[in-house]
Every structure is written in structure tokens, then in C-alpha cells.
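Enquirer: any chance you could fold what I've pasted below:
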Amino acid sequence: MSQDNASFTFLHRIEEVELNIEDGRWQSALALALTLPDICGGIAFPEIVKRYRDGRAVLDRNQRPTRDVGNQYIRWFNTYAAPFFKVSAQDISPYICGERCWQLRYEYLHQNKGFANTEDNTSIRFHLGVNCGTSVCQLDRISSANSLTDIRIDIEQFCRRMCRAVRAYYEAVHTEKDFNLYNTPVLDFIKASQDEKSNATIAIMCSDSTYGNGLRLVLQNLSKHILVFETPEAARKELGKKKPMLWIVTEPMTKKPDQPWRADKRTPVILLSNQPESEIAIEKNAGKLTVLPLPVLPETLRNALKAYLLTKEDKN
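Expert: Presented below is the predicted three-dimensional model:
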């Protein structure tokens, strides 16, 4: 994989699990494998969100419904992965269900447990191993009096089956679901520091100074002159009669009066918005407006800016 502004994609994560299996890196393989249903659950069941007792959705700081990660995880596993965790196709139930896989994920990733944990306050105990001589795992019920269940898991078999399950899901839905939303951008800092920056002035309009400066940091390797303004008055005062090469505007700023970027019909605008593009009424000539959804991915914003920079260079 190229390290020039590359991304760790969903498929790269699966491949990383498989490479760790081949190298015998069991901790890394298991940790990554247990995160795969997190991604799939969010893609498959976006409607499963956290709710208050009265049924209202819990909103995050961007006023979007907050994912109910646990229930998404469990639902995806039980719906799509369960058939891959049966010893034989004729079995009615898998040897590990979504609830238990979620429990293992929590204990292993957050508590470094799962290795014959013997606390008295749990009815499920995991025993991890390799070369277990079992297909995936084996349920050993201790005694009805104690109501204890020991789940013995072969790490290699568990990880291989999880990879097969998520690959099957990806192949079935990747043409209709956007897995790119879960890419992890990776920047080659050496190359980025060697790239020549543009002299073009970029004006960022954002009332949240922290977020605005975050956008500036995302773009700082592309231009030498990136200005962040919290109010229209500040932009007009500093820019005067000069016009930037590009305006980057967050949606709350569209409600402000006397916006300098509205009066500037010739300068392109990148609008960061929560609204569908069809509902945005901005008078701009064709090619002068790009609408990106919030929260915007750093690489998406950089690519949008690069497109305008290349256009400007071509004209010059």
C-alpha cells in the first residue's frame, strides 16, 4: 500500500488480521478481529442509536444521533456472522453468539481479560488458547448449581472465521453501503513536508475557533496563507478589498448577515454542511460551489482544496 496520503481501509484491516495470524501474533490478530463487527454494525444498522427513557435519541455534539455500538455489534454478529461460528452447518446455534462476542471484546480490549478469568461475579468465563484441537470454541457447562459457562476459544480459528464472515458481508453489500466512511487517512509526513505549498490565500469562516483552527491544521501543508475568521466583520476588516482564492464556510455561518463570501460571486466556496445539497440555496456559478458533509474527513477536505488549487495553476 502506498504511503502517499494513503488510507487504512476496511479490507486492509481484514488483511492485517490475516497477516498477524500467519506471523503468530495472536494478541494483535484477536484485538483487530474483535473490532470488525464494530464497523459492520455501524454500516448495517445505523438506525440503532442510544435513546432516553422517553424514546428520544441521544444526540452528540454535532446534533446527530449517537450510535448504540453494543447493540449494533450484537445485531450484526447474530445476523451475519453466526453461521460462520457453527461447528457444522446443521447446528441450530453458533458456539458463540453476539452477546458473548461483545462481552469478549469488552473484557479483552478494555480489561486485558479473557484468559481463564475466574471472578465470582460472572457466569461466563473465557479461556483463550492456540492449537486447542477444537473447531472454534467449546462450551463446557460446569454444574447447574453454579450456572457457570466456560467458553474455550481457539484464537486462530476465531480470527479466521471472523475474517470470512466480514469478507462475505462486504462482498454482499459493498456496492450499496459506503465502507469508505470508515477509512483511516494516513499521511506521509516526510513527503508532505517536502511538497511545495501554494501561495494562494484560503479563508476559513467558522464561529467555533477550535474547529476552525483544526481545519487550518488539516490544510496547512497545501497553502502558506490560511486565515481563520469567526465573524464576517473580522474577515472584511483583515481582507479589505483583497479576495481569497477560496472560501471554506461552515453551515452555521450561512445564517450570519453580510457574509463577504456571498457578495463575492467569483471566488469558489467549499461549504461544510449537515444539509443535503438540494436544500442549499447559494447563488454561485457552476463549478464555484462544493458541498461536503459534516463531519468532514480530513482527506476529503484536502482533495477538494487540491482540485481548486490545480484549477488555479492551470489558469496561470
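Enquirer: might one say that Leu297 is in contact with Pro185?
Expert: Yes: counting by C-beta atoms under 8 Å, Pro185 is a contact partner of Leu297 at 6.6 Å. C-beta coordinates here come from the backbone N, C-alpha and C atoms, glycine included.
Enquirer: who has more neighbours, these two?
Expert: Legend: neighbour count by other C-beta atoms under 10 Å for Leu297 and Pro185, higher for Leu297 (17 against 14).
Enquirer: burial count for Phe179?
Expert: 15.
Enquirer: I figured it hits Thr9, correct?
Expert: Yes: taking C-beta under 8 Å as the definition, Phe179 is a contact partner of Thr9 at 7.1 Å.
Enquirer: what about the helices in the chain?
Expert: Secondary structure of the chain (DSSP state H): helices at 10-22, 26-44, 69-76, 98-111, 155-173, 189-194, 209-219, 232-239, 260-263, 298-315.
Enquirer: could you tell me the least trusted of the ones you listed?
Expert: Among the helices of the chain, helix 189-194 carries the lowest mean pLDDT, a mean of 60.
Enquirer: next one: the most centrally placed residue in the chain from Gly42, what distance?
Expert: Central residue of the chain (C-alpha atoms, centre = their mean): Tyr182, 3.6 Å from the mean position. Computed with C-beta to C-beta, to the nearest Å, the distance linking Tyr182 and Gly42 is 7 Å.
Enquirer: residues touching the residue nearest to Thr267 when sequence neighbours are not counted, list them.
Expert: Spatial nearest neighbour of Thr267, excluding adjacent residues (C-beta to C-beta, 6 or more residues apart in numbering): Lys243 at 5.4 Å. Each residue near Lys243 by C-beta atoms under 8 Å, 6 or more residues apart in numbering is listed here: Asp264, Arg266, Thr267.
Enquirer: can you pull the contacts of Pro46?
Expert: Contact partners of Pro46, counting by C-beta under 8 Å, 6+ apart, are Arg67.
Enquirer: check what pLDDT it gets.
Expert: 92.
Enquirer: got it, and Leu222?
Expert: pLDDT at Leu222 comes out at 88.
Enquirer: mean neighbour count for the helices of the chain - can I get that in a markdown table?
Expert: Shown next, in a markdown table, are those (neighbours: other C-beta atoms under 10 Å):
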| stretch | mean neighbour count |
| --- | --- |
| helix 10-22 | 17 |
| helix 26-44 | 21 |
| helix 69-76 | 21 |
| helix 98-111 | 18 |
| helix 155-173 | 19 |
| helix 189-194 | 10 |
| helix 209-219 | 16 |
| helix 232-239 | 15 |
| helix 260-263 | 17 |
| helix 298-315 | 15 |
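Enquirer: how about TSV for these, with distance to Ala82 added?
Expert: Putting these into TSV (distance: least, C-beta to C-beta, whole Å) gives the following:
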stretch	distance to Ala82
helix 10-22	18
helix 26-44	11
helix 69-76	10
helix 98-111	7
helix 155-173	8
helix 189-194	42
helix 209-219	40
helix 232-239	56
helix 260-263	52
helix 298-315	35
